[in-house]
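**Student:** Make a model of this:
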Amino acid sequence: MTDRPPSAALLVVQPWRVVATLAGRELTRFFRQRNRVIGALGQPLLFWLLFSAGLGPSFRMPGAADSSLSFGQYFFPGTVVLIVLFTSIFATISIIEDRREGFLQSVLVAPIPRWAMVLGKLLGGTCIAVIQAVLFLALGWFAGLRCDGLELLAIVGLLFVLSLALTGLGFVIAWRLDSTQGFHAIMSVFLMPMWLLSGAFFPASEGVLYWVTRFNPLSYGVAGLRQLLYSTEVGAAHALPSLAVCWSVTVLFAVVTFVASWRVSAQRISGDLL
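**Tutor:** Sure thing, here's the model as predicted:
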């Protein structure tokens, strides 16, 4: 009786093992590249300290003259989101590096579902972003942050969903690029303005900026985090969307970017964007 080659079905790897392996690889790469921690934490921390000191004395919330919220407190949730954004960018740059080194091609030809590859990359970047954001949250004590266990769990949950959404957005952009220089250019003209127009740095209560922030999905992650950090009464006083709306939009944002990442990963790319 001759040996028969294994069937294709036997060669298929369990999808969730692929997800765990790729996510673990991203975490291992992160802990071996400590300069990424400095880049993702150092610059936002510097922004928070300098802008809090410089703009704090002149900061006034529009429509809330009796508000006790200082600029350091107002800017703190935006700084956390900036850390998530930076970390997501650094995590998805690895897609360009993996393509250049040949690792990505090996994964693409393996007998695994494409969604498993995408989810593994996204979860790895998401976990890294949440870890760094939680480390920065420890500084919230100096910004007047006081929260119990359930509130902290909700904060981490919202950060996880928001990180997944931003990592998915970075995946879509990085997949269509073959140079890190091009990725940084896209970040400068698209991702940073997206953060600035999310209400993270300054409030927009009227005019064109108000409507821009309302159509910016990142705004709802920032608003939801601000309410979880400083209670829902702050959201009501400053006309922020309700927590239910913030959660709904952020979850929808994450689902859309994951599906977009899944779809774009089926495309063959030979050059830079478009």
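**Student:** Can you name the residues that contact Ser94?
**Tutor:** By Cβ atoms under 8 Å, 6 or more residues apart in numbering, Ser94 lies in contact with Glu26, Arg29, Lys121. No exception for glycine: its C-beta is placed from N, CA and C like everyone else's.
**Student:** May I ask which of those residues has the most neighbours?
**Tutor:** Counting neighbours by other Cβ atoms under 10 Å, the top entry in the contacts of Ser94 is Lys121, with 30 neighbours.
**Student:** Need the contacts of Ser94 in CSV (columns: pLDDT, distance to Arg100 and secondary structure).
**Tutor:** Listed next are the contacts of Ser94 as CSV, based on pLDDT from 0 to 100; distance: Cβ to Cβ, whole Å; DSSP: H, G, I helix; E, B strand; the rest coil:
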residue, pLDDT, distance to Arg100, secondary structure
Glu26, 83, 17, helix
Arg29, 81, 15, helix
Lys121, 89, 15, helix
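**Student:** which of these lies closest to Phe253?
**Tutor:** Comparing the contacts of Ser94 against Phe253 with Cβ to Cβ picks out Lys121 as the nearest, at 17.7 Å.
**Student:** So which residue is dead centre in the chain?
**Tutor:** Ser163 (3.1 Å; Cα atoms, centre = their mean).
**Student:** how about the helices of the protein, start to end?
**Tutor:** Assigned helices in the chain, in chain order: 8-11, 15-32, 35-37, 43-55, 71-101, 103-109, 114-137, 149-175, 180-186, 192-196, 207-215, 217-230, 232-237, 243-264 (criterion: DSSP state H).
**Student:** Compare the ones you listed and say which comes out lowest on pLDDT.
**Tutor:** When those are ranked by mean pLDDT, helix 8-11 comes last with a mean of 46.
**Student:** related to what we said a few turns ago, among the helices of the chain, which is the most enclosed?
**Tutor:** Mean neighbour count (mean count of other Cβ atoms under 10 Å) peaks for helix 217-230 among the helices of the chain, with a mean of 25.
**Student:** Okay, Gly170 and Trp16: tell me how far apart.
**Tutor:** Distance of Gly170 to Trp16, given as Cβ to Cβ, to the nearest Å: 23 Å.
**Student:** I meant to write Ile128 there.
**Tutor:** Remark: distance between Ile128 and Trp16 (Cβ to Cβ) = 20 Å.
**Student:** For Pro113, what are phi and psi?
**Tutor:** phi -70, psi 140 (degrees, to the nearest 10).
**Student:** whoops, I mixed them up, Asn216
**Tutor:** With angles defined as degrees, to the nearest 10, Asn216 sits at phi -90, psi 110.
**Student:** close enough to count as contact, it and Trp195?
**Tutor:** No: using Cβ atoms under 8 Å, Asn216 is not in contact with Trp195, being 9.1 Å away.
**Student:** The closest residue in space to Val134 that isn't next to it in sequence and Val130, how far apart?
**Tutor:** Nearest residue to Val134, sequence neighbours excluded (Cβ to Cβ, 6 or more residues apart in numbering): Val156, at 6.4 Å. Shown here: Val156 relative to Val130, a distance of 7 Å by Cβ to Cβ.
**Student:** excluding its backbone neighbours, what's nearest Ser201?
**Tutor:** Just so we're on the same page, residue 201 is Phe rather than Ser. Gly78 (5.6 Å).
**Student:** To clarify, my last question referred to Ala223.
**Tutor:** Nearest residue to Ala223, sequence neighbours excluded (Cβ to Cβ, 6+ apart): Leu240, at 4.4 Å.
**Student:** Run a quick check on the one you found versus Gly221, I expect a contact.
**Tutor:** No: with contact defined as Cβ under 8 Å, Leu240 does not reach Gly221; the gap is 11.8 Å.
**Student:** got any residues that touch both of the two?
**Tutor:** Cys246.
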